[in-house]
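> coords please:
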Amino acid sequence: MKPIIRKSALNKYIKNIWILENHDIEQTDHSLKFFADGCSGLMFQQTESGVLIGDKELSSFLLYGQTVKPIEMKCSGSYKMIVFVLYPYAIHALFGLNASELTDTCLDMRTYSSLSKEVESNLMHAASTEEQVRIMETFLANQAASANADPQIQHMTTFMMNSSGSYTVKDLQETTEMSERTFERKFARQVGVPPKLFSKIIRFHSSIRQMDKGAYEKLSDVAYENGYSDQSHFVRNFKEFTSITPRAYKSKRISENNSLDGFVQV
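From the prediction side, this is the model:
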């Protein structure tokens, strides 16, 4: 399913806003798969049956950290999901949290503060999607008013994302005045994963986006154009974040092209 994607005025922290909505009167089961993209996010969801990851039912309003393992969300019937995709440094800057504690998991925002609990209630009673987006944006703007973003980590992650992970972590660390150990510890606390793993995620995300766009002739083209030393390296990296090979992903993507559900990448 293709989400509606918007930009936000709060572009220092919000990469974009996704709205996924499906009005399903036949009460069918849905499966949405997400892969690592280097970002965290704030999500509100409304469904008839709840949203599950494995056996765990998700909160209606949640903050999720870096995704390393592939995620499959399941629900039945109609659903709406509003996701504010946040830049890698935003969880620490906006919420003062150790981002590594949210890697591959999420925080029920009803437990974060009295304000976030009130925001969840307002979202549930809002009359429209537009109003829900405004409520979430206002909440994040309030958080941003007292945010304390680290300009060095902000610059570093932006640079790594813009260069598709093509620079070594050693190269980046040497541009700072920090020791390698201090740099890695600070990066993991604010971003959620060590810099080397973040760089692998960004390179993987660049390659899967190229595949989704169909901008290649052979899979080896994707490998070399994204800086992998050979196709075996590319396949290992791809399987680490998706549990399937690039060839299997390509086949599934084609077979699910006409379906409302399937892989969601933006």
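
> hmm, N226 is touching S164, no?
Yes. If you go by C-beta atoms under 8 Å, N226 and S164 touch, sitting 6.4 Å apart. To be clear about C-beta, it is placed using only N, CA and C from the backbone, and glycine gets the same treatment.

> joint contacts of those two?
Common contact partners of N226 and S164 (C-beta atoms under 8 Å, 6 or more residues apart in numbering): 203, 206.

> quick check: M178 touching R185?
No. Assessed by C-beta under 8 Å, M178 is found out of contact with R185, at 9.1 Å.

> anything in contact with each of the two?
With contacts defined as C-beta under 8 Å, 6+ apart, no residue is shared by M178 and R185.

> residue ranges with poor pLDDT in the protein?
The chain contains residues with pLDDT under 70 at 1-2, 25, 165, 256-266.

> what about the longest helix in it?
In the chain, ranked by residue count with DSSP state H as the criterion, the top helix is helix 195-213.

> so which bits of that helix are buried?
Across helix 195-213, burial judged by 16 or more other C-beta atoms under 10 Å covers 195, 197-211.

> likewise stretch 128-140?
132-133, 135-137, 139-140.

> how close does F61 sit to L172?
For F61, the distance to L172 (C-beta to C-beta, to the nearest Å) stands at 35 Å.

> who has more neighbours, those two?
Using other C-beta atoms under 10 Å, the more surrounded residue of F61 and L172 is F61, with 25 against 17.

> next, give phi and psi for the more buried one.
phi -140, psi 110 (degrees, to the nearest 10).

> pretty sure it is touching L107, no?
No. Contact between F61 and L107 fails when scored by C-beta under 8 Å: they sit 9.8 Å apart.
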